[in-house]
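> Build me a model:
(one chain, ligands or ions: 1)
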Amino acid sequence: MSNGSNKTFNRDQQFGHAEYWDERYKDSDGSAPTHEWLLSFVDLEPFLKTNLFDVPGLRSQDDPHPLVLHLGSGDSTIPIDLSRLGYTSQICADFSPTVVCLMREQHASFPGIEWRLLDLRDMQGIPPNSIDVAFDKSTLDAMIYGSPWSPPPEVKKNTGAYLQEVHRVLKPTGRFLCITFRQPHFMKPLLSQGGLFDLDMKVLNERGSFNYYGYISRKKSRSLSPTTSTSTSSSTSAPASTPPAIPISGVSDDAGAQEE
Ligand SMILES: C[S@@+](CC[C@H](N)C(=O)[O-])C[C@H]1O[C@@H](n2cnc3c(N)ncnc32)[C@H](O)[C@@H]1O
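Got it, this is the predicted structure:
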């Protein structure tokens with residue numbers, strides 16, 4: 001590996017550690033996001049309108065209210081933007097204690113949002129088949145580093161455990177919305193590994209200089225065996241209780257994690 005590739009590898013590997021994110025979020029001034037990844041709420045509105053706001057059963061006015069799970073919510077404004085539109089059943093999960101505390105304090109006045117310290121590879125306390133919408137913006141991206149052709153075992157293990165957990169908690173009628181900068185020829189095999197989800201994909205930001213992609217994944221009716229959970233971890237290794245990684249082919253690209 002060249003020095004440049006080594007640097008990218010080391011930088012991207014850090015994104016899988018809670019300690020890295022704690023360090024980053026501790027500088028937040030509490031009034032604006034440290035970093036809104038990839039696309040803002042306004043940028044995403046057309047995608048969300050088609051795949052959330054206008055979908056029967058997932059509309060904010062539907063009874064019962066759809067339960068939205070934010071996967072790696074960080075300090076993104078999207079949960080608050082959704083709350084303003086009437087989404088009052090939301091769980092914002094992140095494994096950085098710093099950002100979870102910050103968000104709890106900052107947004108205490110918003111009803112129906114719970115900021116939860118949680119490792120997404122082992123979502124303890126979230127029952128199977130309980131989530132209507134699971135939303136990921138660049139969190140799966142952050143679990144990926146290294147060569148697309150020969151991903152490190154840790155990447156396969158972490159992404160496999162994560163996707164199994166998303167599948168476990170999603171209702172049969174639910175949707176997993178995943179916004180990513182990574183190229184479709186790497187993401188499609190990753191998201192369809194193990195036959196967990198049926199996928200649709202939209203190209204986003206087509207007029208910008210850099211394309212992003214929005215995946216709409218639905219659970220396949222055939223379920224894999226349920227996962228079991230015993231501990232929450234803040235390190236990059238998947239918790240011991242998670243199932244073995246699903247074998248995958250290319251899962252990364254050479255661009256590394258993109259910051260806007
Ligand atoms: C690239 S940031 C995206 C933040 C936010 N979704 C946004 O769009 O601004 C990734 C976030 O995922 C969180 N994260 C990464 N791996 C995680 C894991 N295994 N469990 C829980 N949170 C994780 C990080 O702490 C960080 O807040």
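> For the rest of this, base every contact and every neighbour count on C-alpha atoms.
OK.
> thinking residue 111 is in contact with residue 88, fair?
Yes: the criterion here is C-alpha atoms under 8 Å, and residue 111 meets it with residue 88 at 6.3 Å.
> Tell me which of the two has more neighbours.
Using other C-alpha atoms under 10 Å, the more surrounded residue of residue 111 and residue 88 is residue 88, with 22 against 15.
> could you list every residue that touches that one?
60, 65, 111, 112, 113 (C-alpha atoms under 8 Å, 6 or more residues apart in numbering).
> In terms of distance to the ligand, which of the residues you listed ranks first?
Distance to the ligand, by C-alpha to the nearest ligand atom, is smallest for residue 113 among these, at 15.3 Å.
> can you pull up the bridge partners for the closest residue to the closest one other than its chain neighbours?
Leaving aside its chain neighbours, residue 113 sits nearest to residue 90 (4.8 Å; criterion: C-alpha to C-alpha, 6 or more residues apart in numbering). As for beta bridges, residue 90 partners with residue 68, residue 113 under DSSP bridges.
> For ChimeraX, what selects the buried ones among the contacts of residue 88?
Of those, the buried ones go into a single ChimeraX selection, burial set by 16 or more other C-alpha atoms under 10 Å:
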select :60,65,113
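> could I get the contacts of residue 88 as JSON lines with distance to residue 38 and pLDDT?
Below are the contacts of residue 88 laid out as JSON lines (distance: C-alpha to C-alpha, whole Å; pLDDT from 0 to 100):
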{"residue": "60", "distance to residue 38": "24", "pLDDT": "96"}
{"residue": "65", "distance to residue 38": "28", "pLDDT": "95"}
{"residue": "111", "distance to residue 38": "27", "pLDDT": "87"}
{"residue": "112", "distance to residue 38": "26", "pLDDT": "94"}
{"residue": "113", "distance to residue 38": "23", "pLDDT": "97"}
